[in-house]
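J.: Sequence and predicted structure, then a few things I'm wondering about:
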Number of protein chains: 2
Amino acid sequence: VAKSDTPGSGGPPAVLEAVAATVAEVAAGAACIGIGVPGPVSPGSGRMGPASNLTGWTGVVDVAGPVEAAIGVPVAVENDTNAAAFGEHRQGAGVGSDDLLGLWVGTGVGGGLVLDGRLRRGRGLAGEVGHLVVHPGGRRCGCGGLGHLEAYAGRNGMEREARRQHDAGRETLLVDIAGDGRMKSSVFLAALERGDDLARELLEESVEALAAAVASTALLVDIDRVVLGGGFAHRFGARFAEQVGAAGGGLLGGQAPEVVPAQLGDHSGALGAALLALDQYPRQV
Amino acid sequence: VAKSDTPGSGGPPAVLEAVAATVAEVAAGAACIGIGVPGPVSPGSGRMGPASNLTGWTGVVDVAGPVEAAIGVPVAVENDTNAAAFGEHRQGAGVGSDDLLGLWVGTGVGGGLVLDGRLRRGRGLAGEVGHLVVHPGGRRCGCGGLGHLEAYAGRNGMEREARRQHDAGRETLLVDIAGDGRMKSSVFLAALERGDDLARELLEESVEALAAAVASTALLVDIDRVVLGGGFAHRFGARFAEQVGAAGGGLLGGQAPEVVPAQLGDHSGALGAALLALDQYPRQV
């Protein structure tokens, strides 16, 4: 395993150079390489669309080309949450099921959908559960839409709402503990343990919003498993998955979707990207 | 074209006998027969699960067997809203698109999902958009769940809400016009035209709920077309599809899904069932 920091300047070329250098450390003898990226990927193109989380990635960027040129083997590129869902499907909490939703709750909310054992890509946006409409006309999402899951269940959306209510005069340990710093998962946990009302409300709203997304997805495409992962979900543990599953069953009127914690942690994305690369570039036997 | 009424008594055997008799009127020379049924169908089984709209259909019923025995050709059975979506996909408002949601708004709300040119069935419940959760914890649906699309957009759900508010003391032309009779689409139209506030509110809530379902579906499976049909939608015309599409775009923050009126009317289900039967029992050439 090799890791490196994302260069803070230099834009896409600098990032891709760093990616190639890091991959080169572990890629000796590889027949192909899979890369998961934090943005939409036009299926099979090796290119990533605009990524709001990366500075300077405002257009479509060829990711596969420069890395292939540097390493000399074929490169497959996939959206990172799609890759993570595929990794859990093949070797994690999704083994034994042909259909699953991978639901990643961290700073934001991402997802990936596996149907009949294949990743559902559409034109590259499928599985973007963070922007499912769970409260029509509700809280504004970072993307500009209204009432999206991510505005209720992502750490960023929850922090925004906590600070809004605090600015409007409401007392909360969340701001007392976080101060001007980021309101991390540990801050939510600490405030909860000390009985903070707002922290409890925000968590309940998060579980309810996730449950609505899980229930709607399970019904719409008729899947039998939801794998719940991501930093925030991981911090709250198996009980969080149970709560989301139970609340989803309540919203559906009984037919509870099975919600299970992810098993592969941070490795699901890399593993899924590698497995997808092997599908795209099968080894010559 | 042949039609007959559903026998009011005798349960499944009487209904299937009437179906076989009606099919026999038009089936001379047919290589196979497709039947759309108002309940869930376990894919490829020819059997239908419990149907809440038909008296006495509380268990799993073999639909294909008795009709095959009576007519002498293979019979394919599919859920009727799935079949209708497939019909519109192949020969109606979905031609030219590999992916679509068929959304049928009438007494209730049904749907069917076509992905990559194939009907998405799952275990037989895929496409059941009427029970998407659009208002977590909201109005109780006929199925027992909370906040489902059908409680806001189906004619039955809208009538239930209108009578509830009327019983609580609210004046509305909806009840004045309908009296103790069914609150048909024409009643909603007449009340709207005469400026009834509750009728306007219920219609707005219906459009918003449909828009949320359309936006969430378009995003989750990344489809480029939604075909809107059914008796209620048909009565309100092309403007209804435009309103749902525009509202869906607003909820997504701009990326408007294309919502178009269905083109095949009542024939979409029969046509889709026939096309699916031809897929299941290809003609020997």
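T.: Perfect, I can see it now.
J.: for chain B, what are the nearby residues on the stretch 51-200 of chain A?
T.: A:99, A:113, A:115, A:120-129, A:131-137, A:141, A:143-147 (CB under 8 Å from any CB of the partner chain). Where you see a C-beta, it was placed from the backbone N, CA and C, and this is true even at glycine.
J.: Among those residues, the buried ones, what's the ChimeraX command?
T.: To isolate in ChimeraX the members of those that are buried, counting by 16 or more other CB atoms under 10 Å in any protein chain shown, one can use:
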select /A:99,113,115,120,121,122,124,125,126,127,128,129,131,132,133,134,135,136,141,143,145,146,147
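J.: Spatially nearest residue to the residue in the stretch 51-200 of chain A positioned nearest to chain B, not counting backbone neighbours?
T.: Nearest to chain B in the stretch 51-200 of chain A, going by CB to the nearest CB, is residue A:122, at a distance of 2.3 Å. Nearest residue to residue A:122 in three dimensions, chain neighbours excluded: residue B:222, at 2.3 Å (CB to CB, 6 or more residues apart in numbering or on different chains).
J.: Send me stretch A:137-148 as CSV with only the CA atoms.
T.: Provided in CSV are the C-alpha atoms of stretch A:137-148 (Å, rounded to 0.1, in the frame of the first residue of the first chain):
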residue,chain,number,x,y,z
GLY,A,137,-38.6,22.2,-0.9
GLY,A,138,-36.5,21.5,2.3
ARG,A,139,-32.9,22.5,3.2
ARG,A,140,-30.7,23.8,0.4
CYS,A,141,-28.0,21.4,-0.7
GLY,A,142,-24.4,22.4,-1.5
CYS,A,143,-25.3,21.8,-5.2
GLY,A,144,-28.2,24.3,-5.1
GLY,A,145,-31.0,21.8,-5.1
LEU,A,146,-33.7,21.6,-2.4
GLY,A,147,-34.2,18.9,0.3
HIS,A,148,-31.5,16.5,-0.8
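J.: which outside residues touch that stretch?
T.: A:52, A:108, A:130-136, A:150-152, A:156-157, A:161, B:208, B:212, B:215, B:250-254 (CB atoms under 8 Å, 6 or more residues apart in numbering or on different chains).
J.: Mind checking which of these are buried?
T.: A:108, A:130-136, A:150-152, A:156-157, A:161, B:208, B:212, B:215, B:250-253.
J.: so what's the residue nearest to residue A:122 up against?
T.: With contact set as CB under 8 Å, 6+ apart, residue B:222 has these partners: A:120, A:121, A:122, A:123, A:124, A:125, A:126, A:127, A:128, B:99.
J.: try 7 Å this time
T.: A:122, A:123, A:125, A:126 (CB atoms under 7 Å, 6 or more residues apart in numbering or on different chains).
J.: and what of residue A:226?
T.: A:100, A:101, A:103, A:214, A:218, A:257, A:258, A:259.
J.: what number of residues lie near the fourth one?
T.: Residue A:214 has 31 neighbours, counted by other CB atoms under 10 Å in any protein chain shown.
J.: cool, and the third one?
T.: Residue A:103 sits with 31 neighbouring residues when counted by other CB under 10 Å.
J.: name the helices or strands packed onto the helix or strand where it lies?
T.: Assigned by DSSP states H and E, residue A:103 falls within strand A:100-105. Applying 3 or more CB pairs under 7 Å, 6 or more residues apart in numbering or on different chains; DSSP states H and E, we find strand A:100-105 packed against helix A:80-91, strand A:109-115, helix A:197-221, strand A:226-229.
J.: what do you get if the cut-off is 8 Å, keeping everything else the same?
T.: With contacts defined as 3 or more CB pairs under 8 Å, 6 or more residues apart in numbering or on different chains; DSSP states H and E, strand A:100-105 has these neighbours: helix A:80-91, strand A:109-115, helix A:197-221, strand A:226-229, helix A:231-252.
J.: Using CSV, please lay out those together with mean pLDDT.
T.: Compiled in CSV, the helices and strands packed on strand A:100-105 are given as follows (pLDDT from 0 to 100):
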stretch, mean pLDDT
helix A:80-91, 97
strand A:109-115, 97
helix A:197-221, 96
strand A:226-229, 97
helix A:231-252, 92
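J.: As JSON lines, these with distance to residue A:17 would be great.
T.: Output for the helices and strands packed on strand A:100-105, formatted as JSON lines (distance: least, CB to CB, whole Å):
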{"stretch": "helix A:80-91", "distance to residue A:17": "19"}
{"stretch": "strand A:109-115", "distance to residue A:17": "26"}
{"stretch": "helix A:197-221", "distance to residue A:17": "38"}
{"stretch": "strand A:226-229", "distance to residue A:17": "30"}
{"stretch": "helix A:231-252", "distance to residue A:17": "27"}
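J.: Now the buried members of the contacts of residue A:226.
T.: A:100, A:101, A:103, A:214, A:218, A:257, A:258, A:259.
J.: what about stretch A:104-123, how long is it end to end?
T.: 21 Å (CA to CA, to the nearest Å).
J.: Any idea which residue is closest to the centre of chain A?
T.: residue A:110 (3.2 Å; CA atoms, centre = their mean).
J.: From residue A:103, how far out is the nearest residue to that one once chain neighbours are set aside?
T.: For residue A:110, ignoring the flanking residues on the chain, the nearest one in space by CB to CB, 6+ apart is residue A:81 at 3.5 Å. In this view, residue A:81 and residue A:103 are 9 Å apart by CB to CB, to the nearest Å.
J.: Same check on residue A:139?
T.: Residue A:139 is 19 Å from residue A:103, by CB to CB.
J.: for stretch A:95-112, how far is the first residue from the last?
T.: 15 Å.
J.: same deal with stretch A:177-188?
T.: End-to-end for stretch A:177-188, by CA to CA: 9 Å.
J.: can you pull the buried residues of that stretch?
T.: Applying 16+ other CB under 10 Å to stretch A:177-188 flags A:177, A:178, A:183, A:184, A:185, A:187, A:188 as buried.
J.: Now compare those residues and name the two farthest from each other.
T.: By the measure CB to CB, A:177 and A:185 form the most distant pair in the buried residues of stretch A:177-188, at 12.1 Å.
J.: circling back: the residue nearest to the centre of chain A contacts residue A:125, doesn't it?
T.: No. Counting by CB atoms under 8 Å, residue A:110 stays clear of residue A:125, with 11.5 Å between them.
J.: before we move on, back to that, average pLDDT for the strand holding residue A:103, rounded please.
T.: The average pLDDT for strand A:100-105 rounds to 97.
J.: strands paired with that strand, and their directions?
T.: Strand A:100-105 has the following strand partners under DSSP bridges: strand A:109-115 (antiparallel), strand A:226-229 (parallel).
J.: So which of the buried residues of stretch A:177-188 belong to helices?
T.: Using DSSP state H, the members of the buried residues of stretch A:177-188 that fall in helices are A:177, A:178, A:185, A:187, A:188.
J.: who touches residue A:71 in this structure?
T.: A:20, A:23, A:24, A:27, A:30, A:33.
J.: Among those residues, give me the pair with the biggest separation.
T.: Largest pairwise distance in these, by CB to CB, is 12.9 Å, between A:20 and A:30.
J.: Which of the two has more residues huddled nearby?
T.: Neighbour count, other CB under 10 Å: between residue A:20 and residue A:30, residue A:20 has more, with 18 against 15.
J.: The one helix or strand that one maps to - contacts with which helices or strands?
T.: According to DSSP H and E, residue A:20 maps onto helix A:11-26. Under the contact criterion of 3+ CB pairs under 8 Å, 6+ apart, helix A:11-26 touches strand A:33-37, helix A:64-71.
J.: what do you get if the cut-off is 10 Å, keeping everything else the same?
T.: Under the contact definition 3 or more CB pairs under 10 Å, 6 or more residues apart in numbering or on different chains; DSSP states H and E, helix A:11-26 sits against strand A:33-37, strand A:61-62, helix A:64-71, strand A:75-79.
J.: List the strands paired with the second one, with their directions.
T.: Sheet pairing here is set by DSSP bridges, and for strand A:61-62 it gives strand A:47-48 (antiparallel).
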